[in-house]
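> need the 3D shape of this:
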Amino acid sequence: MGNKAKLGLLAVIALVLTALFMFWNIGSNWDYVLPRRTMKIFAIILTGGAIAFSTMVFQTITNNRILTPSILGLDSLYMLIQTFVIFMFGSGTLTMMNHNVHFLMTVGLMVLFSGILYKVLFKREGQNIYYLLLIGLIFGTLFGSLSSFMQVLIDPNEFQIVQDKMFASFNNVNTDLLYISAILIVLVTIYFARYMKYLDVLSLGRDHAINLGINYDYVVKRLLIVVAILISISTALVGPITFLGLLVVNVTYQFLKTYQHKYLIIGSVLISIVALVGGQLIVERVFEFTTPLSVIINFVGGVYFIYLLLKENKSW
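Next up is the predicted model:
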């Protein structure tokens with residue numbers, strides 16, 4: 001089966017699962033249920049697409065299939081921002097604050113952190129990308145420790161609000177935020193289009209890319225900005241889903257068995273949508289909302305991550 005046929009098969013599976021999610025047990029309340037499920041599907045497509053897209057680009061840049069953009073510390077920074085707001089001003093502030101303002105503030109701070117990190121680290125010549133990952137990992141640990149410190153001190157009732165932010169949820173996504181996210185993702189995709197042609201060569205590694213005439217540092221900086229914006233949008237929209245990108249991108253590599261990113265990116269997005277829609281169906285129909293979708297994704301992704309580590313270890 002060719003890659004185009006495989007992508008067609010994935011698209012059909014995604015459509016079938018989406019239709020099943022939209023119309024299963026809808027009853028007579030079409031006017032109420034259908035718009036809510038439509039918004040939920042829209043949120044799943046945006047989030048799954050952004051995470052898969054950014055993880056595929058990130059793994060190509062780092063030339064490593066067991067890394068995800070969360071290593072840059074953005075998930076930990078998201079939790080720090082939410083915890084800090086509640087710690088300083090109380091949970092009522094989040095309720096009273098305009099959702100659009102809160103969303104844009106969160107995305108803005110996460111992108112600003114990434115921009116400063118890139119600017120400082122790439123200012124000196126000879127700094128490789130693994131140095132950036134190390135610094136990102138350190139900052140992620142720092143942000144996580146600060147969040148835990150504040151969570152211990154706040155009122156238990158306030159902590160319940162913080163705890164809700166720890167897990168991704170598609171059940172109460174604000175409609176206005178979906179439109180803003182969609183516009184931002186489209187703009188980032190248009191910006192990314194000019195660098196798409198470099199990905200196949202970047203997957204060969206830094207030295208080969210430079211030898212083949214690519215301005216490596218220039219291209220990598222721009223692609224890292226794209227990754228940071230996409231992860232910031234998806235995290236601020238529904239919350240952190242740490243292992244989703246790792247899971248869907250590696251499954252895409254196994255399924256398509258190609259180096260061409262024009263197939264890999266589309267395939268990873270479709271597999272991500274299949275995983276999220278299928279997972280949400282299980283959460284709603286099997287577990288009856290007792291378990292968050294992110295817990296299921298992170299559990300499966302964590303097991304798969306351990307499998308990848310053991311597999312890499314054997315190959316050494």
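
> and the helices in the chain?
Using DSSP state H, the helices of the chain run over 3-23, 30-62, 74-89, 91-96, 99-121, 129-153, 156-165, 175-193, 199-202, 206-211, 216-238, 244-256, 261-285, 293-315.

> other SSEs contacting the third one?
Counting by 3 or more Cβ pairs under 8 Å, 6 or more residues apart in numbering; DSSP states H and E, the packing neighbours recorded for helix 74-89 are helix 91-96, helix 99-121, helix 129-153, helix 156-165, helix 216-238. Where you see a C-beta, it was placed from the backbone N, CA and C, and this is true even at glycine.

> the helices of the chain: lowest mean pLDDT?
Lowest mean pLDDT within the helices of the chain: helix 91-96, at a mean of 70.

> tally of neighbours for the closest residue to Phe122 other than its chain neighbours?
Of all residues not flanking Phe122 in the chain, Lys221 sits nearest, at 5.9 Å (Cβ to Cβ, 6 or more residues apart in numbering). By the criterion of other Cβ atoms under 10 Å, Lys221 has 15 neighbours.

> cool, the one 5 residues further on as well?
As a burial measure, Val226 scores 18 neighbours (other Cβ under 10 Å).

> my guess is Ser76 contacts Gly144, does it?
Yes. Counting by Cβ atoms under 8 Å, Ser76 does reach Gly144; the two are 4.5 Å apart.

> which one of those two is surrounded by more residues?
Taking neighbours as other Cβ under 10 Å, Ser76 and Gly144 compare with Ser76 leading, 22 against 16.

> list the residues that contact the more buried one.
139-144, 147 (Cβ atoms under 8 Å, 6 or more residues apart in numbering).

> next: Gly27.
Listed by Cβ under 8 Å, 6+ apart, the contact partners of Gly27 are Val33.

> what's the distance between it and Leu34?
11 Å (Cβ to Cβ, to the nearest Å).

> again with Tyr130
The gap separating Tyr130 from Leu34 is 48 Å, by Cβ to Cβ.
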